[in-house]
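K.L.:
When you get a sec, could you give me coordinates for this:
(4 chains)
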2 protein chains.
Amino acid sequence: MEQQAEEPAAGARVLVVDDDPTVAEVVAGYLDRAGYVVDRAEDGPAALARATAHWPDLVVLDLMLPGMDGLEVCRRMRGRAPVPVIMLTARGDEDDRILGLEVGADDYVTKPFSPRELVLRVESVLRRTRPRSDTGQLAAAGLSVDPAARRALKNGYELALTIREFDLLAFFLRHPGRVFSRQDLMKEVWGWDFGDLSTVTVHVRRLRGKVEDDPARPRLIQTVWGVGYRFEAVAGEERP
Amino acid sequence: MEQQAEEPAAGARVLVVDDDPTVAEVVAGYLDRAGYVVDRAEDGPAALARATAHWPDLVVLDLMLPGMDGLEVCRRMRGRAPVPVIMLTARGDEDDRILGLEVGADDYVTKPFSPRELVLRVESVLRRTRPRSDTGQLAAAGLSVDPAARRALKNGYELALTIREFDLLAFFLRHPGRVFSRQDLMKEVWGWDFGDLSTVTVHVRRLRGKVEDDPARPRLIQTVWGVGYRFEAVAGEERP
DNA sequence: GTGAGTCCTTACGAAACGCGGACGCCCGCG
DNA sequence: CGCGGGCGTCCGCGTTTCGTAAGGACTCAC
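P.N.:
The predicted model follows:
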């Protein structure tokens, strides 16, 4: 589950959620040909799972889904991190449209719709929502960090990091697999040439508390005894 | 891919309001092929809702609608912000024409009409009401800003912004999702290389007061502690 | 096993920061 | 000339964050 950055400008990631295979197929096909990386899900839970694996840049969401309905999916995604949503609604279903807007869908399209129109709306929403061009996106091991937005996501959930924590994590992500002494980190992240090195220790601990699944047994930020810390890009295994 | 910038220049946004699916279909088809981005609504409330989601550049409005009639729709839209309207009226219904023009329709077409003629009129009205064709219209999260007209709409309602507030908002809309320090903003919006940064703070606060639903807990203009501010283009949810 | 070195954890005071309110200045307008 | 709106500045308060200290836990070498 180690993704890489395959979003060089052109291909944003779009998650298409629809229980009708035909619709999903057509939509996905058009979006794919338009240069997007397309994920698909057939219902709410699947959509949320997909989002955990790969947080999308935009969601095309059928309002009518088996089990969890589209509004709920939208709410839950938004509860994790802000993401643009385009709703698919049945024609003339006024209440649905209003609901969609209340939840904060960025646009909606009524069925039946022209795929071409949908692609246009996707492009429109993305354009006004993500001018992400050259932002050096960082990603590894279920983590992704956007330096320009100063946002960090873990499995599709936004992390509330402080400045130091964010800078520290960003630095680690920029140099995966390498060991850094506390002094190195103090110099690189803090910009200090001297100072109490326990400061680094404490901040690493705080970062672990937010980033690690089990902070007591860290996997991402490992301690190299007598040397310093190393960020492990590939989710390593346990030492017995 | 073949299409270019949708909102500027080429494709203006036209809202077609008609309860007759056949008429709406035909009209929408022609306008679509003419390069416009077409929204559709079947009655008054739907039209107003659609306009809230995406403020149109022009409205094609059937005078005879179930429930709220066309004149009322026109009045309400105009009450929110000036927008060009083309009325569809039954043939020879002189009173209606008069009424339509009184409310301030920019043009009217009598049924039955040739779709080609309607497209021509749309183009004509747009030409004379939108002299500048390529002003970078900005929009996100229920907000839209017209730099040329120096007008800002929130959910279709006009905002009374001061110069600084407008410039600040416009800048944010031009760079959604990115963090800017107070210094950046002071440089970009004020054009100053130095100065009291609290000036920025205060103006952000004033802008929030007009733009945010709950200025105490801002959603659009977020504070990034110790760094600056970030405009969130996606209408986010509450996260308690 | 034992000790010294190293790391983890917690706690706490201080500093930094953002926010709201208020003030005075300037300018256009009546 | 008085008035009001827009603007920039300043101050006090509550909150967040930071750096450091100190005790306990762990690791490695002998």
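K.L.:
check which helix or strand covers the residue nearest the centre of chain A.
P.N.:
With distances taken as CA atoms, centre = their mean, A:W55 lies nearest the centre of chain A, 3.5 Å away. Of the helices and strands defined by DSSP states H and E, none includes A:W55.
K.L.:
quick one, what contacts it?
P.N.:
A:13, A:81, A:83, A:144, A:153, A:156 (CB atoms under 8 Å, 6 or more residues apart in numbering or on different chains). Where you see a C-beta, it was placed from the backbone N, CA and C, and this is true even at glycine.
K.L.:
What sits closest to the residue of chain A most remote from its centre if chain neighbours are left out?
P.N.:
Ranked by distance from the centre of chain A (CA atoms, centre = their mean), the top residue is A:F194, with 36.0 Å. Spatial nearest neighbour of A:F194, chain neighbours left out: A:M186 (7.9 Å); criterion: CB to CB, 6 or more residues apart in numbering or on different chains.
K.L.:
Just confirm that neighbour contacts A:V200, I think it does.
P.N.:
Yes - under the criterion of CB atoms under 8 Å, A:M186 makes contact with A:V200 at 5.6 Å.
K.L.:
more crowded one of those two?
P.N.:
Taking other CB atoms under 10 Å in any protein chain shown, A:M186 and A:V200 do not tie; A:V200 has more neighbours (24 against 20).
K.L.:
Now the residue nearest to the centre of chain A. Its backbone dihedrals?
P.N.:
Here is the backbone geometry of A:W55 (degrees, to the nearest 10): phi -70, psi 120.
K.L.:
Can you read off the pLDDT for it?
P.N.:
For A:W55, the model assigns a pLDDT of 91.
K.L.:
Need phi/psi at A:L143.
P.N.:
When read as degrees, to the nearest 10, the backbone of A:L143 gives phi -100, psi 140.
K.L.:
what residues are up against it?
P.N.:
By CB under 8 Å, 6+ apart, the neighbours of A:L143 are A:152-154, A:169, A:173, A:211, A:220.
K.L.:
For whichever residue of chain A sits closest to DNA strand C, report the pLDDT, please.
P.N.:
Distances between chain A and DNA strand C by CB to the nearest atom of the strand are smallest at A:T223, namely 3.7 Å. A:T223 carries a pLDDT value of 93.
K.L.:
same check, this time on A:F113
P.N.:
78.
K.L.:
Give me the three-state assignment for A:L118.
P.N.:
Following DSSP: H, G, I helix; E, B strand; the rest coil, A:L118 is assigned to helix.
K.L.:
That one contacts A:A34, doesn't it?
P.N.:
No - between A:L118 and A:A34 there is no contact under CB under 8 Å: 9.8 Å.
K.L.:
The helix or strand of chain A with the lowest mean pLDDT: what's the following helix or strand?
P.N.:
Ranked by mean pLDDT, DSSP states H and E, the helix or strand of chain A with the weakest confidence is helix A:94-103, at a mean of 56. Counting by DSSP H and E, the next helix or strand C-terminal to helix A:94-103 is strand A:107-111.
K.L.:
ok, now which ones touch the closest residue to A:R76 other than its chain neighbours?
P.N.:
Spatially, and ignoring its direct neighbours in sequence, A:R76 is nearest to A:L48 (6.1 Å; CB to CB, 6+ apart). Neighbouring residues of A:L48 by CB under 8 Å, 6+ apart: A:73, A:76-77.
K.L.:
and A:Y229, what is it in contact with?
P.N.:
A:172, A:179-180, A:182, A:185, A:204, A:221-223.
K.L.:
repeat that for 10 Å
P.N.:
Listed by CB atoms under 10 Å, 6 or more residues apart in numbering or on different chains, the contact partners of A:Y229 are A:168, A:172, A:178-182, A:184-185, A:200-201, A:204, A:207-208, A:218, A:221-223.
K.L.:
still on that earlier bit, three-state assignment of the residue nearest to A:R76?
P.N.:
Assignment for A:L48 (three-state DSSP): helix.
K.L.:
go on, A:G35?
P.N.:
coil.
K.L.:
returning to that earlier point: out of the contacts of A:Y229, list just those in helices.
P.N.:
Among the contacts of A:Y229, the residues falling in helices (DSSP state H) are A:168, A:172, A:182, A:184-185, A:200-201, A:204, A:207-208.
K.L.:
can you narrow the contacts of A:W55 to ones near chain B?
P.N.:
A:81, A:83 (CB under 10 Å from any CB of the partner chain).
K.L.:
May I see the contacts of A:W55 organised as a markdown table, with distance to A:Y229, neighbour count and secondary structure added?
P.N.:
Formatted as a markdown table, the contacts of A:W55 follow (distance: CB to CB, whole Å; neighbours: other CB atoms under 10 Å in any protein chain shown; DSSP: H, G, I helix; E, B strand; the rest coil):
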| residue | distance to A:Y229 | neighbour count | secondary structure |
| --- | --- | --- | --- |
| A:R13 | 31 | 18 | strand |
| A:A81 | 27 | 20 | coil |
| A:V83 | 32 | 21 | coil |
| A:S144 | 20 | 21 | strand |
| A:L153 | 22 | 17 | strand |
| A:G156 | 26 | 20 | coil |
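K.L.:
Can you add pLDDT and give the contacts of A:W55 back as CSV?
P.N.:
CSV is the format used below for these (pLDDT from 0 to 100):
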residue, pLDDT
A:R13, 91
A:A81, 89
A:V83, 91
A:S144, 90
A:L153, 93
A:G156, 89
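K.L.:
now, among the contacts of A:W55, which is nearest to chain B?
P.N.:
A:V83 (6.3 Å; CB to the nearest CB).
K.L.:
Got phi/psi on the closest one?
P.N.:
Here is the backbone geometry of A:V83 (degrees, to the nearest 10): phi -150, psi 140.
K.L.:
what's the answer for the one 3 residues further on, then?
P.N.:
A:I86 adopts backbone torsions of phi -110, psi 120, taken as degrees, to the nearest 10.
K.L.:
got the residues of chain A near DNA strand D?
P.N.:
By CB under 7 Å from any atom of the strand, the residues of chain A that approach DNA strand D are A:160, A:162-165, A:190, A:195-196, A:198-199, A:202-203, A:225-226.
K.L.:
Adjacent strands (with direction) for the strand or helix carrying A:V14?
P.N.:
Element membership for A:V14 (DSSP H and E) is strand A:13-17. According to DSSP bridges, strand A:13-17 has the following sheet partners: strand A:37-41 (parallel), strand A:58-62 (parallel).
K.L.:
neighbours around the closest residue in space to A:E188 that isn't next to it in sequence, how many?
P.N.:
Using CB to CB, 6+ apart and skipping the chain neighbours, the partner closest in space to A:E188 is A:F171 (5.9 Å). A total of 16 residues lie near A:F171 under the criterion other CB under 10 Å.
K.L.:
List the residues that contact A:F171.
P.N.:
Each residue near A:F171 by CB under 10 Å, 6+ apart is listed here: A:138, A:180, A:184-185, A:188-189, A:231.
K.L.:
Roughly how far does it sit from A:V59?
P.N.:
Between A:F171 and A:V59 the computed distance is 31 Å (CB to CB, to the nearest Å).
K.L.:
again, but for A:L118
P.N.:
Distance of A:L118 to A:V59, computed by CB to CB: 13 Å.
K.L.:
give me phi/psi at A:P84?
P.N.:
phi -70, psi 140.
K.L.:
Touching, the residue nearest to A:F194 and A:D167? I think so.
P.N.:
No - judged on CB atoms under 10 Å, A:M186 makes no contact with A:D167 at a distance of 11.9 Å.
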